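Participant: Got a sequence here, can you build the structure:
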Amino acid sequence: MTEQQPWQWDEQTWRGHVARVRAGRSLHPASWPGGARVAVALSSDCDHETSFLRVGETGPGPLAQGEYGSRVGARRVLRLLERFGIPASFFMPAVSGLLHPEEARDYVAAGHEIGMHGWIHESNTTLAPAITCELALRYDSSLMADDEPYELLAGGEPTGVVEIPVDWIRDDENQAS
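Facilitator: The predicted model follows:
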């Protein structure tokens, strides 16, 4: 059987793909804590060498570039956050944590949250929703069906996973390589 191109799919096929994962109920609160008019979340991806390792890039230049974040950037960011009393979330692939355990310990010691960012910064959008649930993730940040948090549906059923939408316009990862 020859694989069809997307423009050759019948309605049942393209609807099946679209229906696999959809946005569920909105999780936007009726009001923010303390009566605040807005809430701000500050997060950072601590991908380091994994941005290159995930695509098999093992040259010394890219790996040294990846090491900069842990050697220099993380300490600078932590000092600024401490100076202004700002809590933050740091999303770290497991391989980054294994390469730089002192960095992960520094985040925790400063009272910040560490979020799982995959094993080696693999593309989570290629993982089946069941795998995401099996990993016992509380929230994900790889989809963009809304500009507010929502519960992720898989096959029309609630998953218990909270999707926190991102804005790829501000994503500068592609410029790092």
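Participant: Checking the closest residue to Asp45 other than its chain neighbours next. Helix, strand or coil?
Facilitator: Closest residue to Asp45 apart from its sequence neighbours, by Cβ to Cβ, 6 or more residues apart in numbering: Phe91 at 4.9 Å. For every residue, glycine as well, the C-beta is placed using N, CA and C. Local secondary structure at Phe91 is given as strand here, using DSSP: H, G, I helix; E, B strand; the rest coil.
Participant: Across the sheet, point out what pairs with Phe91.
Facilitator: Asp45, Gly115 (DSSP bridges).
Participant: For it, which residues are in contact?
Facilitator: By Cβ atoms under 8 Å, 6 or more residues apart in numbering, the contact list for Phe91 reads Ser43, Ser44, Asp45, Cys46, Ile114, Gly115, Met116, His117, Ser141.
Participant: how about a cut-off of 7 Å?
Facilitator: Going by Cβ atoms under 7 Å, 6 or more residues apart in numbering, Phe91 touches Ser43, Asp45, Cys46, Gly115, His117.
Participant: quick one, helices of this protein?
Facilitator: Ranges of helices in the chain, per DSSP state H, are 11-20, 50-53, 60-68, 74-84, 94-99, 101-109, 129-134.
Participant: what would those helices look like in TSV with mean neighbour count and distance to Ser26?
Facilitator: Shown next, in TSV, are those (neighbours: other Cβ atoms under 10 Å; distance: least, Cβ to Cβ, whole Å):
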stretch	mean neighbour count	distance to Ser26
helix 11-20	10	19
helix 50-53	22	32
helix 60-68	13	37
helix 74-84	13	29
helix 94-99	19	31
helix 101-109	14	30
helix 129-134	14	19
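Participant: quick one: Pro158 from Gly35, how far?
Facilitator: Note on Pro158: its distance to Gly35, by Cβ to Cβ, to the nearest Å, is 30 Å.
Participant: Name the residue in the two with the higher neighbour count.
Facilitator: Per other Cβ atoms under 10 Å, whichever of Pro158 and Gly35 has more neighbours is Pro158, with 11 against 6.
Participant: Output the lowest mean pLDDT helix or strand found in this protein.
Facilitator: Of all the helices and strands that make up the chain, strand 139-140 has the lowest average by mean pLDDT, DSSP states H and E, namely a mean of 60.
Participant: quick one, which of the helices of the chain is nearest to Leu27?
Facilitator: Nearest of the helices of the chain to Leu27, taken as Cβ to Cβ: helix 129-134 at 16.7 Å.
Participant: in this protein, what spans have low per-residue confidence?
Facilitator: 1-2, 124-125, 127, 129, 132-147, 164-177 (pLDDT under 70).
Participant: With distance to Leu153 added, can I get the helices of the chain in JSON lines?
Facilitator: Output for these, formatted as JSON lines (distance: least, Cβ to Cβ, whole Å):
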{"stretch": "helix 11-20", "distance to Leu153": "9"}
{"stretch": "helix 50-53", "distance to Leu153": "29"}
{"stretch": "helix 60-68", "distance to Leu153": "35"}
{"stretch": "helix 74-84", "distance to Leu153": "35"}
{"stretch": "helix 94-99", "distance to Leu153": "27"}
{"stretch": "helix 101-109", "distance to Leu153": "32"}
{"stretch": "helix 129-134", "distance to Leu153": "9"}
